[in-house]
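In: Need a 3D model of the sequence below.
(2 chains)
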Amino acid sequence: MKLTCDEATAICDKNQYNEASLWEKIRLGFHLILCKRCGLYSKQNKVMSTCYQKLKDAECRKIPILNQEEKESMAQKLKAKIE
Amino acid sequence: MSEADKQLLNPEKWVSLYADYLFNYTISRLNDKDLAKDLVQDTFFSALKAKENFKGESSERTWLIAILKRKIVDYYRKINSAKGKAEVRMNFYADGEREGEWLEERVPTDWSGEIDKKIENQELAVVLEKCIADLPEKYGMVFRMKTIQQIETDDICKELDITTSNLWVIIHRARTQLRKCMEENWFKN
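Out: Residues are numbered from 1 along each chain as shown, chains lettered A, B, ... in the order given. Alright, predicted model coming up:
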């Protein structure tokens, strides 16, 4: 039943993706009642998840692409192998 | 399948038809433009070499992606191999009486101040990107696939040939490391 801080925060991380089991969530809940350090981790973890979502949104707006030059060089190298 | 339904390979057109698609697929996993470019080029070379093995039962694109996927898993294995293996910094005591407890210098500290404002700041993405780039490659790769690309756990495990518990250990270490990095470089600076 008793979790170490390492185990508790691992469940907390998994829970950020809604993939912790019910039993894991119960054990985490008990640990958080007693452990202030992990309580703070848990609180900050939610903030971090929001940050990750922000990053995802920012990345969606600037997807790197291959420019024409890069593609031509790729085609050239491939062509050399075909012949 | 009749002969007429069979797909044919057209290597001269590969770059113009599939380079972007393969590149995007790779960059979403590795987030390194040069590396992604190399893997795509390499995929075309391997495909050319294996041309005789193409049965024509799938499309050209599906076939190329399958080859690329093998390149990606090979790359993952390489960065995960014992040689030159980089680990994240420990956050908890690994053994002894206090095993599993927070290491004193890694204990979360209160961020206080205007957290909401800091989350909305456009610079956040830049700092966070840097923290992720500082993770050992393996951790960055799995973390990005799960959190930024939001690929299903089962799919990541299948793609990289790792177990679910392995994935969660990597995610846990990456996230504790990132929390610490953002605490130092963003929330408390």
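
In: ok, the helix or strand in which B:Asn24 is found near chain A or not?
Out: For B:Asn24, the host element (DSSP states H and E) is helix B:14-30. Yes: Helix B:14-30 reaches chain A (C-beta under 8 Å from any C-beta of the partner chain) through B:Trp14, B:Val15, B:Ser16, B:Ala19, B:Asp20, B:Phe23, B:Asn24, B:Ile27. Yep, even glycine has a C-beta here, placed from its N, CA and C like the rest.

In: May I see the residues you listed organised as CSV, with pLDDT and distance to B:Gly113 added?
Out: Output for the residues of helix B:14-30 next to chain A, formatted as CSV (pLDDT from 0 to 100; distance: C-beta to C-beta, whole Å):
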residue, pLDDT, distance to B:Gly113
B:Trp14, 94, 53
B:Val15, 94, 51
B:Ser16, 93, 52
B:Ala19, 96, 46
B:Asp20, 94, 43
B:Phe23, 96, 41
B:Asn24, 92, 38
B:Ile27, 91, 35
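
In: As CSV, those with distance to B:Lys117 and neighbour count would be great.
Out: Formatted as CSV, the residues of helix B:14-30 next to chain A follow (distance: C-beta to C-beta, whole Å; neighbours: other C-beta atoms under 10 Å in any protein chain shown):
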residue, distance to B:Lys117, neighbour count
B:Trp14, 49, 23
B:Val15, 46, 24
B:Ser16, 47, 12
B:Ala19, 42, 23
B:Asp20, 38, 15
B:Phe23, 37, 24
B:Asn24, 34, 15
B:Ile27, 31, 21
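
In: thinking again about what came up before, what residues does the helix holding B:Asn24 touch?
Out: A:63-66, A:71, A:74-75, A:78, B:10, B:33, B:35-37, B:39-40, B:43-44, B:47, B:60-61, B:64-65, B:68, B:72, B:75, B:141, B:144-145, B:149 (C-beta atoms under 8 Å, 6 or more residues apart in numbering or on different chains).

In: From the residues you listed, which land in helices?
Out: A:71, A:74-75, A:78, B:33, B:35-37, B:39-40, B:43-44, B:47, B:60-61, B:64-65, B:68, B:72, B:75, B:141 (DSSP state H).

In: Narrow those residues to just the buried residues.
Out: Among the ones in helices among the contacts of helix B:14-30, those buried by neighbour count (16 or more other C-beta atoms under 10 Å in any protein chain shown) are A:71, A:74-75, A:78, B:36-37, B:39-40, B:43-44, B:47, B:60, B:64-65, B:68, B:72, B:75, B:141.

In: Would you agree A:Lys2 falls within a helix?
Out: No: counting by DSSP: H, G, I helix; E, B strand; the rest coil, A:Lys2 falls outside a helix, being coil.

In: Could you give the number of residues near it?
Out: A count of neighbours around A:Lys2, defined by other C-beta atoms under 10 Å in any protein chain shown, yields 9.
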